[in-house]
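>>> When you get a sec, could you give me coordinates for this:
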Amino acid sequence: MKTPPIKVGIIGLGRAGFGMQTQELLARAGKYEIVAGCDPLPKLRCRFKDKVPGAKTYARAEDLLADPNVELVSVATRTPTHVELSIAALRAGKLVMDEKPIATTLADARRLMAEGRKHPGKLFFRHNRRFEAAFNDVQDVIASGILGEIEEIRLCRHHYARRDDWQTIRAEGGGQLLNWGPHLVDHALQFIGGRPDFMHAELRRIAAVGDAEDHVHLLLRRGGGPLVEIEISGGAALKSPVYFVIGSRGTLVSDDEKTLRLRYLDPKAKIPARRATTAIMDSFGHPETLPWVEETRQVRADLRPDCIWDNLHAHLRRGVPFRVKNEEAFEVMRVLALASKSPIRR
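Take a look at the predicted model:
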């Protein structure tokens, strides 16, 4: 049975609201209808109106929130305004999709979560990279067991830019910790299975010209599970692999999120047990030939970050579980808040 499209109003028509969300929603015309957009800048409202001529435009968020035709509000404004606008939208009776990061401080995140509990089933967080194909394929490889016991996972996003926009200014919620940090911390928490009990963070400013960090180094671990290392850098002129997974029986590497390179011991082969010895040897242990399997897998094509909208539609219209739980988004914010206490080194 066909269901009516979800009617969306977008607050904030800049990089996220227009450059990403408007395009993603227009590509899902049968599932969503953009009925309104809001931004204080006239030129951004005009650009949005040209792209979505049937939608209303507003200069003030409160006017969009008063529009009875808006069913879902997407908050895509600058980071420091996410919490207040999301709370206002909930109180206006709307469904809310809050762009990441969900807040700039842990206290604000707590306020938003408390408000969300007053409006059950209304608040959602746009951790869209939970739907990345490479991330999901790496999870599948780990779950298959072919790499053995996972010891370490390294997640990197590297580039070099002498960036000078608002996302380099701490007072505006800038810095890589709140930019790429929510995505990779979310991935890390999925890999380790929940709240870490060990964490170390280092922040640096390398190439960006503001006062916020453009280089983030985090270590996370839960219990005796794998150590997850996160490195996000706007000051790395050469890139490291995006994924590097070390297991007791093999390793996975992805340089580009398009392919996964694997080298692992053949699960079907019987590998004889070995014991350490104090005997004098001419080499580093007794040589052996191991049954290695080497393969390159193409990352699946049916998952992309924008698939979060498909999941949300399925949840709201058919009751399919939404993959990003609010408590998980809050835990991401808790980790980011702890990491933000580290001094920024130059």
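>>> Doesn't residue 311 lie inside a helix?
Yes. Secondary structure assignment places residue 311 in a helix (DSSP: H, G, I helix; E, B strand; the rest coil).
>>> Number of residues surrounding the spatially closest residue to it that is not a sequence neighbour?
Excluding the flanking residues, the one nearest residue 311 by CB to CB, 6 or more residues apart in numbering is residue 323, at 5.6 Å. All C-beta atoms are positioned from the backbone trio N, CA, C, and that covers glycine. With neighbours defined by other CB atoms under 10 Å, the count for residue 323 comes to 15.
>>> for the stretch 1-150 of the chain, which spans come out with low pLDDT?
Low-confidence segments of the stretch 1-150 of the chain (pLDDT under 70): 1.
>>> where exactly do the helices run in it?
For the stretch 1-150 of the chain, helices defined by DSSP state H, counting those that start in this stretch occupy the ranges 23-26, 42-51, 61-65, 82-91, 106-118, 133-144.
>>> Who are the contact partners of residue 86?
Contact partners of residue 86, counting by CB atoms under 8 Å, 6 or more residues apart in numbering, are 75, 96, 98, 112, 115, 123.
>>> Not counting sequence-adjacent ones, nearest residue to it?
residue 98 is the one closest to residue 86 (CB to CB, 6+ apart), at 4.6 Å.
>>> Run a quick check on that neighbour versus residue 122, I expect a contact.
No. Using CB atoms under 8 Å, residue 98 makes no contact with residue 122, being 11.0 Å away.
>>> Just want to know which of those two has more residues nearby.
For residue 98 versus residue 122, neighbours defined as other CB under 10 Å are more numerous around residue 98 (27 against 17).
>>> picking that back up, wait, is the residue nearest to residue 311 part of a helix?
No. Counting by three-state DSSP, residue 323 is not found in a helix; it is coil.
>>> buried set for stretch 263-276?
Residues 264, 265 are the ones in stretch 263-276 that count as buried (16 or more other CB atoms under 10 Å).
>>> What are the contacting residues of that stretch?
145-148, 247, 249-251, 286, 290-294.
>>> Among those, give me the pair with the biggest separation.
Farthest-apart pair in the contacts of stretch 263-276 is 145 and 286; separation 27.1 Å (CB to CB).
>>> Who has more neighbours out of the two?
More crowded of residue 145 and residue 286, by other CB under 10 Å: residue 145, with 13 against 9.
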